[in-house]
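Engineer: have a look at this fold, sequence not included:
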DNA sequence: CTATACCAGTGGACTAGACCACTAGACAGT
DNA sequence: ACTGTCTAGTGGTCTAGTCCACTGGTATAG
């Protein structure tokens, strides 16, 4: 099956053509319609979809960045092999992260409160004096085994109607995106090794003072406002973070 | 000073125009000739340099990815504020990594040998039966204090003349790039928390069983061949890894 | 004084071409 | 059986435009 067959573009849509093409191809690759090794010619794609070659190239560019396709000069562009390891590090919630590792995520809410954060916490969220925040502490399980303790802070302003029950049900990021129209942009993460406190060890079912991976994450919206500040304490023996680095 | 003044492009060079422009602008920004907040107009740039606007845009694209400039729709493109934190995670050697943190790196070679790796090590480097490898173990210091123990494996084939003295002097990545023409591409990293062994604790001047951050890195060349496999054990109390994540 | 309408400038998207270096296969000549 | 040469196809680079939505200032009408 050639790339781009059966793709319908909406030229009057507000989403750019290159983005439509990108999503269509991503779908075909992830859905297996385009097998690894399958060639995608820029010229063929542009003729089939009746767009200029530059536009087709722009669509392929994003997929190449993601590693879904690769290009060899003079030979062509090809669908990449499925990579099992999580490569390019993306902004994922715990649920998504675990799913990619082939594990089933679950969680237990340890506490859920709305409060006036003290200055140090307020600063993490860049809150003004008097603004309130949610604090959600969850025990995260992977395949029914404790994996991490996640303490997240959210400005009340961004999700005023958030209920304990909502969080119990689904992914927090999904709620933010779907119910509150928050557009997640990027995040800064700091990873460090530490010793589990007695309390953490108890919750994670590990020995006190066992090594844990502490991940502190600040999540920004596309407008660079802060949406969430999370501190996750992962079991050192069960969790690894994977990253792909680039040289210039 | 307007962007692109005094920039000379070599239209007959083999390096693409957009790359020349990119490098020139990067130099001007890093050298302070273009101050943060300074506007860079795509049209002005393309007229000044006598290139088409698409080419100018392509040059700006890479700088935007790096975070050196940012764009506001309808307003313009501007030089970004200097960010002190290491944001986009790049492939850096220990020396470069510490320099960016404002620390002075030093190192002490604990062992340097050329050997026939056993199957498990050979696999990490994708070596054929019988091929040799270098193993270099170094104690890494930051501002004269032990920071990490780095064990790196290199295929002998890629740097046959490597001497202990070379490594003693300079950055390994610099040697590989400059003396052997190795073009570093990307790297995969795995980060995990662990307990220091007695030996590691002694070398790092920390208590036995203190938490350490173990970073395992595989470095690839631009042709996807494996150049190096490193295992670094960082002091948990002094080292943090920072990453920037992106959402789609 | 305050709206509002206009306008010049910006980046975003897109087109329809062009020439180049490189690849791989076919084909002909030794 | 080998060895070049030709050729079609590929991605890489580049041009010179077009139209659009958005921004911010300025002039103008109420």
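Structural biologist: Cool, the structure landed. Please read all numbers here as calculations on a predicted model, not as lab measurements. Numbering: from 1, shown residues only, chains lettered A, B, ... in the order given.
Engineer: in space, what's closest to residue A:108 - neighbours in sequence excluded?
Structural biologist: Leaving aside its chain neighbours, residue A:108 sits nearest to residue A:139 (4.6 Å; criterion: Cβ to Cβ, 6 or more residues apart in numbering or on different chains). The C-beta positions use only the backbone N, C-alpha and C, and glycine is treated the same way.
Engineer: oh, that last question was meant for residue A:159, not what I typed.
Structural biologist: Closest residue in space to residue A:159, ignoring its immediate chain neighbours: residue A:180 at 5.0 Å, by Cβ to Cβ, 6+ apart.
Engineer: please apply the same query to residue A:146.
Structural biologist: That would be residue A:204: by Cβ to Cβ, 6+ apart, it lies 4.7 Å from residue A:146.
Engineer: what about the residue nearest to residue A:159, neighbour count?
Structural biologist: Per other Cβ atoms under 10 Å in any protein chain shown, the neighbour tally for residue A:180 reads 13.
Engineer: up against DNA strand D, what does chain A have?
Structural biologist: Taking Cβ under 7 Å from any atom of the strand, the part of chain A that reaches DNA strand D is made up of A:39-44, A:53-54, A:57, A:71-77.
Engineer: hmm, 6 Å instead?
Structural biologist: For chain A, the residues in contact with DNA strand D (Cβ under 6 Å from any atom of the strand) are A:40-44, A:54, A:57, A:71, A:73-74, A:76-77.
Engineer: of the residues you listed, which is the most crowded?
Structural biologist: Highest neighbour count within the residues of chain A next to DNA strand D, by other Cβ under 10 Å: residue A:40, with 23 neighbours.
Engineer: who's residue A:113 bridged to?
Structural biologist: Beta-bridge partners recorded for residue A:113 (DSSP bridges): residue A:135.
Engineer: that one: neighbour count?
Structural biologist: For residue A:113, the count of nearby residues is 10 (other Cβ under 10 Å).
Engineer: from what I can see it touches residue A:132, true?
Structural biologist: No. Taking contacts as Cβ atoms under 8 Å, residue A:113 lies outside contact range of residue A:132: 10.1 Å.
Engineer: ok so, going back, do I have it right that the residue nearest to residue A:146 meets residue A:237?
Structural biologist: No. When contacts are counted by Cβ under 8 Å, residue A:204 is not listed as touching residue A:237 (9.7 Å).
Engineer: check contacts around residue A:54.
Structural biologist: Neighbouring residues of residue A:54 by Cβ atoms under 8 Å, 6 or more residues apart in numbering or on different chains: residue B:54.
Engineer: part of a helix, is it?
Structural biologist: Yes. Counting by DSSP: H, G, I helix; E, B strand; the rest coil, residue A:54 is part of a helix.
Engineer: do you know the pLDDT at it?
Structural biologist: Residue A:54 is assigned 95 on the pLDDT scale.
Engineer: now do the buried residues in the strand or helix carrying residue A:146.
Structural biologist: Following DSSP states H and E, the helix or strand that holds residue A:146 is strand A:145-155. The neighbour-count check on strand A:145-155 (16 or more other Cβ atoms under 10 Å in any protein chain shown) flags A:146-155 as buried.
Engineer: and the strands in chain A?
Structural biologist: Counting by DSSP state E, chain A has strands at residues A:39-40, A:69-72, A:76-79, A:105-115, A:133-142, A:145-155, A:184-195, A:211-221, A:226-235, A:241-246.
Engineer: report whether the last one contacts chain B.
Structural biologist: Yes. Counting by Cβ under 8 Å from any Cβ of the partner chain, chain B is contacted by strand A:241-246 at A:241-246.
Engineer: any idea which of those residues is closest to DNA strand D?
Structural biologist: residue A:246 (16.1 Å; Cβ to the nearest atom of the strand).
Engineer: how about the residues of chain A by DNA strand C?
Structural biologist: Within chain A, the positions adjacent to DNA strand C are A:16-18, A:51-55, A:73-75 by Cβ under 6 Å from any atom of the strand.
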